[in-house]
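In: Take this sequence and fold it.
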Amino acid sequence: DWPERVGVPTLESVLDALGDMGTIQIEIKKDIDERMERLAEAVLGMVQDRHLESRVIVSSFEVHAVETVGRLAPDQARAYIGAFDTLDYLETALRMGCTQVDVSLNTSSREMVAAAHREGLRVVGFQCNTPEALERCLDWGVDAATSDVPTEMLRLLAAR
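Out: Okay, here's the model as predicted:
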């Protein structure tokens, strides 16, 4: 419902605008190992400077990124993003101390979501961009979903 396009904000501007919004997930994208330490430190520094640690989940597809965040800030909530088409993904997330897993709606399954829940993990489905993906999220019982079209997904949910 924004009146004009806003472009891609910086992480700092998003954190500054967070207000009373609940939890925010920050995804660290792939980078070379030599820069991952600096990248993780920068992200954690922005979060810590604003005292948002309890409201942020740091996530990545990259094991090295999740491990680096865990080493630098052991109490920071972390999520592992992946296909979750085998139990190896779940085992990796648990080994890294994640509190959340983000499972692909294209490759994972209701059974994997149930296994993650049994381990006490919060489960997020991605990408929830179509009515079919939304139905899959609801059928699988995920706790949340990511979307490139949140306004459309909220409209579909409200119509249910």
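In: which regions of the protein sit below the pLDDT cut-off?
Out: Along the chain, segments meeting pLDDT under 70 span 1-3.
In: which residues in this protein form strands?
Out: Counting by DSSP state E, residue ranges of the strands within the chain are 24-27, 56-60, 77-82, 100-104, 122-126, 144-145.
In: Quick one: closest of the ones you listed to D49.
Out: Distance to D49, taken as Cβ to Cβ, is lowest for strand 56-60 among the strands of the chain, at 11.9 Å. C-beta coordinates here come from the backbone N, C-alpha and C atoms, glycine included.
In: Partner strands of that closest one and their direction?
Out: Based on DSSP bridges, the strands next to strand 56-60 in the sheet, each with its direction, are strand 24-27 (parallel), strand 77-82 (parallel).
In: Dump the strands of the chain to a markdown table, plus mean neighbour count and distance to L18.
Out: Supplementary listing: the strands of the chain in a markdown table, determined by neighbours: other Cβ atoms under 10 Å; distance: least, Cβ to Cβ, whole Å:
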| stretch | mean neighbour count | distance to L18 |
| --- | --- | --- |
| strand 24-27 | 16 | 6 |
| strand 56-60 | 23 | 9 |
| strand 77-82 | 24 | 15 |
| strand 100-104 | 24 | 18 |
| strand 122-126 | 22 | 18 |
| strand 144-145 | 19 | 17 |
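In: Adding distance to T92, write the ones you listed out as CSV.
Out: Written out in CSV, the entries for the strands of the chain read as follows (distance: least, Cβ to Cβ, whole Å):
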stretch, distance to T92
strand 24-27, 17
strand 56-60, 12
strand 77-82, 6
strand 100-104, 9
strand 122-126, 15
strand 144-145, 20
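In: picking that back up, any idea which of the strands paired with strand 56-60 gets closest to S13?
Out: strand 24-27 (12.6 Å).
In: Columns distance to A116 on top of the strands paired with strand 56-60, output as JSON lines?
Out: As requested, the strands paired with strand 56-60 are arranged in JSON lines below (distance: least, Cβ to Cβ, whole Å):
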{"stretch": "strand 24-27", "distance to A116": "16"}
{"stretch": "strand 77-82", "distance to A116": "10"}
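In: Among those, which comes closest to T151?
Out: Nearest of these to T151, taken as Cβ to Cβ: strand 24-27 at 17.8 Å.
In: Please list the outside residues in contact with the closest one.
Out: Around strand 24-27, the neighbours that count as contacts under Cβ atoms under 8 Å, 6 or more residues apart in numbering are 11, 14-15, 18, 43, 47, 52, 55-60, 79, 81, 124, 146.
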